[in-house]
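K.L.:
Structure for this input, please:
(one chain, ligands or ions: 2)
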Amino acid sequence: TEPLLKVENLQKHFPITGGLLGRQISSVKAVDGVSFTVNKGETLGIVGESGCGKSTTGRMLMRLIDPTDGKVTFQDRELTSLSNSEMRKMRREIQMVFQDPYASLNPRHTVEQILEEPLKVHGIGSQKERRQRVRELLEIVGLSSYHAKRYPHQFSGGQRQRIGIARALMTRPKLIIADEPVSALDVSIQSQVLNLMQDLQKEFGLTYIFIAHDLGVVRHISDRVGVMYLGRMVELSTSEALYDKPMHPYTQALLSAVPIPDPEFKRETILLQGDIPSPSNPPSGCTFHTRCPHATEICKQKVPEFKEQQPGHYVACHLY
Ligand code: SF4
Ligand code: MG
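P.N.:
Numbers count the residues shown, from 1 in each chain. Ligands and ions are numbered 1, 2, ... in the order given. The predicted structure follows:
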């Protein structure tokens, strides 16, 4: 396995201002020191409830949001030190698929204009070549070249996400960051889009970061999965290990809510007490201690280190 992307101690602190003078009074640690690598050709799932920092993490990898601190290395280039114009060029190689394809597709543009745009931005090809590529991509994502002259509102949600995926592929990227790409779709359509993404991955040797709020969705598509809670990654391992032997109490609780296809196998549902705390005022120590069924005194005082407990299986918890 060869790493394609390396993320080290990534942080994003948003300032909170207040008072008459609008001074900064505190900050929200939306992402608070996240580290992981993504290997060539794999899918890394990143899972957590809303507000855990997973989308902010995804956007920082493309520098749609600039990190407060930390390092992102793509192939051999440190993205965090690139100028804005150098970063713009890099976005040819890293593309994003968004949750709501309708909101991310300009309603006044035809599909052809939408798909051509990334090529124009990067100055790729003549108009004839670009339009040829648009037609090719429409077929690849399971639409037809005659759809090129239509507008986004003329498509179903699933078709619109296919257009979003086609747009992401136009520049022949190596890495796709998909932020809840199927969350807005009907369950029956979700698996079609997931299957398409898997086929495209094989065909084009793509690497995926697949962000989701639910462990069920990423199970079959991910080689490895990272679980985030309040701006930190609390567990990261291969999918097999994470689903069969989750180590972090938060992962165990999340998993207990995912239905299991095998009726012989029963898993007890672990109910978490309370709501997810506000990221602007997170609990001390292990930020999960207010909801954790195993919390002890040390959990309130000391931040658990994110450590490799078994080969390739990282967890941040004082139980280990
Ligand atoms: Fe629970 Fe303590 Fe582990 Fe945090 S460190 S998950 S509070 S046992
Ligand atoms: Mg989100």
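K.L.:
My guess is His13 contacts Thr68. True?
P.N.:
Yes: look at His13 against Thr68 with CB atoms under 8 Å: they come within range, at 4.6 Å. For the C-beta atoms, the positions are set from N, CA and C on the backbone; glycine is no exception.
K.L.:
okay, His220: pLDDT?
P.N.:
As predicted, His220 sits at a pLDDT of 86.
K.L.:
Find the helix or strand that the nearest residue to it once chain neighbours are set aside is a member of.
P.N.:
Nearest non-adjacent residue to His220, counting by CB to CB, 6 or more residues apart in numbering: Leu194, 7.2 Å away. Element membership for Leu194, per DSSP states H and E: helix 187-204.
K.L.:
And for Gln113?
P.N.:
Gln113 belongs to helix 111-121, assigned by DSSP H and E.
K.L.:
Mind listing what's buried along the helix or strand following that helix?
P.N.:
Per DSSP H and E, the first helix or strand lying C-terminal to helix 111-121 is helix 127-140. The neighbour-count check on helix 127-140 (16 or more other CB atoms under 10 Å) flags 130-131, 133-135, 137-138, 140 as buried.
K.L.:
What of stretch 143-152?
P.N.:
143, 145, 147-148, 152.
K.L.:
Quick check: pLDDT value at the residue of the stretch 51-200 of the chain found nearest ligand 1.
P.N.:
Residue of the stretch 51-200 of the chain nearest ligand 1, by CB to the nearest ligand atom: Cys52 (14.4 Å). Cys52 is assigned 93 on the pLDDT scale.
K.L.:
cool, and the one 4 residues further on?
P.N.:
Thr56 is assigned a predicted lDDT (pLDDT) of 96.
K.L.:
what about the nearest residue to it once chain neighbours are set aside, distance to Leu206?
P.N.:
Of all residues not flanking Thr56 in the chain, Ala30 sits nearest, at 4.7 Å (CB to CB, 6+ apart). Ala30 sits at a distance of 27 Å from Leu206 (criterion: CB to CB, to the nearest Å).
K.L.:
what ranges do the strands span in the stretch 151-300 of the chain?
P.N.:
175-179, 207-212, 224-229, 232-238 (DSSP state E, counting those that start in this stretch).
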